[in-house]
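J.: Sequence and predicted structure, then a few things I'm wondering about:
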Amino acid sequence: MSAINLERSMELYREALGVLPVGVSSNARLWRSVCPTYVPCSLFVSRAQGSHIWDVDGNDYIDYRMGFGPVILGHSDPRVHERVHAVDETGLVYALSHELEVTVAKKIVSMVACAEMVRFCTSGTEATMHALRVARAYTGREKIVKFEGMYHGAHDYLLFSTDPAFDRVRGVPRAVPQSLGIPKSIQKLCLVERWNDFDRIEKLVKRKAKEIAAIITEPIMGNSAAIPPREGYLQHLRKLCTDYGILLIFDEVKTGFRVAPGGAQELYGVTPDLATFAKSMGNGYPVACFAGSAEIMDIIGPSKVVHGGTYSGNPVSLAAVDATLDILKDSSFYERLESFGTRLMRGLLEVAEEMKTDMIVNGVPEMFQILFTRHREVREYRDLAKCDLDRYATLHAELLDHGVMIDEDNMECFFTCAAHSDEDLEHTLSAFHQSLADIRAGVLHIPERHQPSE
């Protein structure tokens, strides 16, 4: 990169390598571990406010990563902090119940179509893990269907085919382990299919129905470039599950409370049996939940399905949820968020067209991604092999140099928040135009590309 200074980030990264495996607390934060990148180290942050984030070298960026999606109001929202600070002086963990659990659960039930009962936890991984246990107990079956390119948390049960190498997903889909240490016995319980293919999923369900406890899906592929469902596809899954006594689980960790007040199930008009939520519900605080019908959730309890956690439903996190949901219930909130996102998506396409760059935009205004490809449609994970990931990596580095932070991984999304301003939009489109011009002219001053770690 030509101007950006990352000296202090590099120093901290070298120190981190001595005390943290590969220098980070989450593999996804080591950019070279997940995708090609021209950035030599993980960036270390000093603060974040509104739509901006600052690194320890003083560089200021307009942020479109938003913590992988949780920050929907804007970083360090004072309304949320005020509610949290009112609670944190009364204690953090009680090992007992408190009123906010009831208050917040009622708000979720009022907003989410599938939610008649709710259980709180602290991460999306926990939420999907417990939802699977509930589904297996309720149906008496063990196998779970998931789709290529979808990530449902770091637990063993679903850490298959989340982002397999494209040369490993030819032919019939199979469960490709994404980590060492996953027992082969668990691999047999995961059935993998290609998303957005009506016929393939129907054939699998008809063949294996008596073994399948649940089909779990992101309503929008939040970990595969925001690929949306084909028209009628979610309805097709709903009908198959109903016809064969299989539970439909929506993983709304990314879409929940972001794409609509009631999540993607409201946006697309499809009600699952169970759904998982995290991220946007707390505007960045560590909190999650899973929800479903009273009949299904009633299987949780003593001598039945175990669910628990020391920090589940803690008052600090639920105070953040309480404040955030109060703001999200205002109908004008999503109108503003959609307006900004729509203008940004349209503006990026217009710049690409002006620069004669083959590019499409996937997703919805609240979460979307750009793809450099000559193909006009990307329907599933395998289609992403047709996209120019190296050009995207170059764009990522160039935009950082212009004060705009998109995710380094082309599989991730642009996330918009309420704090993004018209000035942010104008600067972003100008930076995008300049970056494409530099890429086309070959006027780049960036380090050697770093490949994903094996």
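T.: Right, received. Where do you want to start?
J.: dump the residue contacts of Arg47.
T.: Ile53, Trp54, Ser76 (Cβ atoms under 8 Å, 6 or more residues apart in numbering). No exception for glycine: its C-beta is placed from N, CA and C like everyone else's.
J.: what about it, is that helix, strand or coil?
T.: strand (DSSP: H, G, I helix; E, B strand; the rest coil).
J.: domain ranges for this protein?
T.: What automatic domain parsing lists as the domains of the chain is 7-64+332-441, 79-328.
J.: And the average pLDDT for the longest one is what?
T.: Same thing as domain 79-328. Averaging pLDDT along domain 79-328 gives 97.
J.: ends of that domain, how far apart?
T.: Start and end residues of domain 79-328 are separated by 12 Å (Cα to Cα, to the nearest Å).
J.: Same check on the first one?
T.: Distance between the two ends of domain 7-64+332-441: 28 Å, counting by Cα to Cα.
J.: still on that earlier bit, just name the most buried of the domains of the chain.
T.: Highest mean neighbour count of the domains of the chain: domain 79-328, a mean of 20 (counted as mean count of other Cβ atoms under 10 Å).
J.: Centre of the chain to stretch 389-408, how far?
T.: On the basis of Cα atoms, centre = their mean, to the nearest Å, stretch 389-408 is displaced by 19 Å from the centre of the chain it belongs to.
J.: show me what contacts the residue nearest the centre of the chain?
T.: The chain has Lys254 as the residue nearest its centroid, 4.0 Å off, counting by Cα atoms, centre = their mean. The contact partners of Lys254, taken as Cβ under 8 Å, 6+ apart, are Phe68, Gly69, Glu218, Ile220, Gly222, Asn223, Lys279, Met367, Cys413.
J.: Quick check: the two most widely separated of the residues you listed?
T.: Greatest spatial distance among the contacts of Lys254 (Cβ to Cβ): Phe68 and Ile220, at 14.4 Å.
J.: about what we covered before: inside strands: which ones of the contacts of Lys254?
T.: Met367 (DSSP state E).
J.: Dump the contacts of Lys254 to CSV, plus distance to Gly171.
T.: Output for the contacts of Lys254, formatted as CSV (distance: Cβ to Cβ, whole Å):
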residue, distance to Gly171
Phe68, 31
Gly69, 32
Glu218, 23
Ile220, 26
Gly222, 26
Asn223, 22
Lys279, 34
Met367, 31
Cys413, 29
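J.: now, among the contacts of Lys254, which is nearest to Leu96?
T.: Lys279 (27.2 Å).
J.: Contacts only, for that closest one.
T.: So Lys279 contacts Gly67, Phe68, Gly69, Pro70, Gly124, Val253, Lys254, Gly256, Arg258 (Cβ under 8 Å, 6+ apart).
J.: go with 6 Å
T.: Gly69, Pro70, Val253 (Cβ atoms under 6 Å, 6 or more residues apart in numbering).
J.: roughly how far apart are it and Gly263?
T.: 11 Å (Cβ to Cβ, to the nearest Å).
J.: Gly69 now?
T.: Using Cβ to Cβ, we find Gly69 at a distance of 13 Å from Gly263.
J.: Just the terminal-to-terminal distance for stretch 302-317.
T.: End residues of stretch 302-317 are separated by 25 Å (Cα to Cα).
J.: Show me what that stretch is in contact with.
T.: Contact partners of stretch 302-317, identified using Cβ under 6 Å, 6+ apart, comprise 84, 87-88, 92-93, 98, 100-101, 119-122, 130, 133-134, 137, 282, 285-287, 299-300.
J.: Kindly report the same for stretch 199-218.
T.: Residues outside stretch 199-218 that contact it (Cβ under 6 Å, 6+ apart) are 135-136, 139, 141, 143-147, 150, 193-194, 237, 240-241, 244, 246-249, 251.
J.: Show the model's pLDDT score for Val443.
T.: 75.
J.: ah, wrong one, I meant Gln451
T.: Note for Gln451: predicted pLDDT of 46.
J.: Repeat that for Ser2.
T.: pLDDT, Ser2: 48.
J.: could I get the contacts of Arg47 as CSV with secondary structure and pLDDT?
T.: Output for the contacts of Arg47, formatted as CSV (DSSP: H, G, I helix; E, B strand; the rest coil; pLDDT from 0 to 100):
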residue, secondary structure, pLDDT
Ile53, strand, 98
Trp54, strand, 98
Ser76, coil, 98
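J.: Relative to Ala165, which of those is nearest.
T.: Checking these against Ala165 with Cβ to Cβ, the nearest one is Ile53 at 31.1 Å.
J.: For the closest one, give its distance to Gln434.
T.: Taken as Cβ to Cβ, the span from Ile53 to Gln434 is 20 Å.
J.: wait, isn't Arg238 in contact with Thr271?
T.: No: judged on Cβ atoms under 6 Å, Arg238 makes no contact with Thr271 at a distance of 7.4 Å.
J.: Please enumerate the helices of the stretch 1-150 of the chain.
T.: 7-16, 31-34, 78-88, 99-111, 124-139 (DSSP state H, counting those that start in this stretch).
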